[in-house]
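1. Give me a 3D structure for the following:
(one chain, ligands or ions: 1)
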Amino acid sequence: MTPDLMEAGAERISHRHTLEDAAGATESGGRVASTARPVLPGEVDVTHGRILYLEDVHVSFDGFKAINGLNLDIAPGELRCIIGPNGAGKTTMMDIITGKTRPDKGTVYFGSTIDLLRYNEPQIAAMGIGRKFQKPTVFEQLSVFENLELALKTHKGVAQSMNFKLNGAQRDRIAEVLHTIHLAGSVTRQAGLLSHGQKQWLEIGMLLVQEPRLLLLDEPVAGMTDEETVRTAELFLSLKGRHSLMVVEHDMSFIDTISEKVTVLCDGSVLAEGTLAQVQADERVIEVYLGR
Ligand SMILES: Nc1ncnc2c1ncn2[C@@H]1O[C@H](COP(=O)(O)OP(=O)(O)OP(=O)(O)O)[C@@H](O)[C@H]1O
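-> Residues are numbered from 1 along each chain as shown. Alright, predicted model coming up:
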């Protein structure tokens with residue numbers, strides 16, 4: 001497909017992807033473990049106003065308390081920024097949410113019904129929690145379009161099927177994502193030739209084609225140019241509402257542009273929470289993180 005056609009496709013997009021589309025995405029009928037009811041991607045109970053809920057979570061590594069009584073909740077559609085000094089436990093927290101690390105103790109819920117501690121990493125990803133690590137990991141030899149196509153196929157568990165063809169809705173979804181990540185003009189470009197910022201956007205796009213409910217993003221603007229950082233802020237602001245985002249960053253001006261609520265982690269638990277101005281004025285935060 002040519003960039004022109006993809007661009008045209010992007011313009012045709014209306015947000016018509018329904019829960020039915022998402023339900024059709026799971027070849028296994030969406031059953032992922034021994035819960036009382038099937039869990040479908042996109043089907044998360046947020047009637048209690050939380051898409052993510054952590055209570056009194058603890059993790060120790062060889063006796064060292066990396067996470068120590070962590071409580072946190074994220075609202076549906078929220079864009080939450082997480083800051084804190086090195087070793088505060090930010091990465092470990094994301095590892096717990098995504099099933100990479102098991103806590104010693106605590107509660108971790110996706111919506112109000114899905115106990116994440118009962119699932120493994122691939123199951124949690126399939127439920128709609130996407131994670132972006134700091135370094136971009138796109139397939140450099142493939143084109144931008146092929147990277148997105150592969151992410152969609154892999155998510156649907158059909159990567160091994162040589163006969164898999166994208167349907168119209170899937171092509172529209174890719175076109176929409178290309179537009180969102182500012183790569184509609186680079187559809188056929190080899191991913192290895194993209195700038196660092198473009199690779200980061202492409203990797204975010206590879207998550208977006210999977211329609212995640214919650215996106216965890218680890219230092220997304222590290223190494224970006226100022227212009228790329230501004231465009232990334234615009235991208236995140238455009239994603240909030242439709243997706244929930246948790247962004248770990250050290251770049252304060254970027255956080256200032258995108259954040260409503262900031263959580264400061266320190267020594268494995270929440271030290272402060274509020275607007276950026278509120279946490280920046282907090283003596284304890286100044287002491288451990290921002291400096292005097
Ligand atoms: N697998 C592990 N084994 C032993 N210690 C670990 C392990 N993972 C993390 N830690 C320790 O737990 C603490 C929290 O680490 P974590 O990487 O979560 O912090 P962070 O806030 O993400 O830091 P940074 O901003 O430097 O990435 C650190 O002291 C780290 O050395």
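2. Hmm, residue 109 is touching residue 115, no?
-> Yes: counting by Cβ atoms under 8 Å, residue 109 touches residue 115, with 6.0 Å between them. Just so you know, the C-beta spots here come from the backbone N, C-alpha and C atoms, and that holds for glycine as well.
3. Neighbour count for those two, which is higher?
-> A direct count of neighbours by other Cβ atoms under 10 Å for residue 109 and residue 115 places residue 109 higher, at 20 against 12.
4. Looking at strand pairing, list the partners for the closest residue to residue 260 other than its chain neighbours.
-> Of all residues not flanking residue 260 in the chain, residue 79 sits nearest, at 6.7 Å (Cβ to Cβ, 6 or more residues apart in numbering). Applying DSSP bridges to residue 79 yields these beta-bridge partners: residue 245.
5. My read is that residue 79 contacts residue 258, right?
-> Yes: using Cβ under 8 Å, residue 79 is in contact with residue 258, at 6.0 Å.
6. Mutual contacts of the two, please.
-> By Cβ atoms under 8 Å, 6 or more residues apart in numbering, residue 79 and residue 258 have these common neighbours: 236-237, 247.
7. When you filter these down to buried only, what's left?
-> Buried subset of the shared contacts of residue 79 and residue 258 (neighbour count, 16 or more other Cβ atoms under 10 Å): 236, 247.
8. On the pLDDT front, check the nearest residue to residue 239 once chain neighbours are set aside for me.
-> Among residues not flanking residue 239 along the chain, residue 245 sits closest, at 6.2 Å (Cβ to Cβ, 6+ apart). Looking at residue 245, its pLDDT reads 97.
9. just checking, residue 245 touches residue 217?
-> Yes: if you go by Cβ under 8 Å, residue 245 and residue 217 touch, sitting 6.5 Å apart.
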